[in-house]
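Enquirer: sequence first, then the predicted structure:
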Amino acid sequence: MARMHALPRWVLPLSTAALLLFGLIAPPQWLALGVVCMLAVSAWVIWLVTLSWPLLTVPARLIRVLVVALLLVATFLRATGRL
């Protein structure tokens, strides 16, 4: 956490977006790497949701669960070659 906090503020969102984008548009020969990138983004989002869960209202929790579910479904579809 201390290392992440020392980074400039734009590094984390940009790297997360880059990993997700690469995971979604990776060419077929790099499919495994794309799936790993998407799993890393999913794990990152799950960790952030876990940290903020006690402070969230019910609608905010539902939205975050939906986002995590969509990420995991997209990862599964990408891994099976349907996306």
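Expert: Structure's in. What do you need?

Enquirer: for this protein, just list every one of the helices.
Expert: Secondary structure of the chain (DSSP state H): helices located at 2-6, 11-25, 31-52, 58-79.

Enquirer: let's have those helices in CSV, adding mean pLDDT and mean neighbour count.
Expert: Heads up, the C-betas are built off the backbone N, CA and C, glycines and all. Shown next, in CSV, are these (pLDDT from 0 to 100; neighbours: other Cβ atoms under 10 Å):
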stretch, mean pLDDT, mean neighbour count
helix 2-6, 82, 7
helix 11-25, 94, 14
helix 31-52, 95, 16
helix 58-79, 96, 14
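
Enquirer: which one is Ala74 nearest to, not counting chain neighbours?
Expert: In this structure, Ala74 finds its nearest non-sequential neighbour in Leu83, 6.3 Å apart by Cβ to Cβ, 6 or more residues apart in numbering.

Enquirer: so who does that neighbour touch?
Expert: 24, 74, 77 (Cβ atoms under 8 Å, 6 or more residues apart in numbering).

Enquirer: and what of Trp53?
Expert: Arg61.

Enquirer: and the residue nearest the centre of this structure?
Expert: For the chain, the residue sitting closest to the mean C-alpha position, by Cα atoms, centre = their mean, is Val41 at 2.5 Å.

Enquirer: that one and Gly34: what is the separation?
Expert: To Gly34, Val41 is 11 Å away according to Cβ to Cβ, to the nearest Å.

Enquirer: so what sits against both of the two?
Expert: With Cβ under 8 Å, 6+ apart as the test, Val41 and Gly34 both reach Gly23.

Enquirer: roughly how far apart are Ser52 and Pro27?
Expert: From Ser52 to Pro27 the distance is 35 Å (Cβ to Cβ).

Enquirer: now swap in Leu14 and tell me
Expert: 22 Å.

Enquirer: what of Arg3?
Expert: 32 Å.

Enquirer: same question, Leu7
Expert: Leu7 is 29 Å from Pro27, by Cβ to Cβ.

Enquirer: could you do Pro13 as well?
Expert: Counting by Cβ to Cβ - Pro13 and Pro27 are separated by 25 Å.

Enquirer: ok, now which ones touch the residue lying closest to Thr75 once chain neighbours are set aside?
Expert: Leaving aside its chain neighbours, Thr75 sits nearest to Met38 (4.3 Å; criterion: Cβ to Cβ, 6+ apart). Residues in contact with Met38 (Cβ under 8 Å, 6+ apart) are 19-20, 23-24, 71, 74-75, 78.
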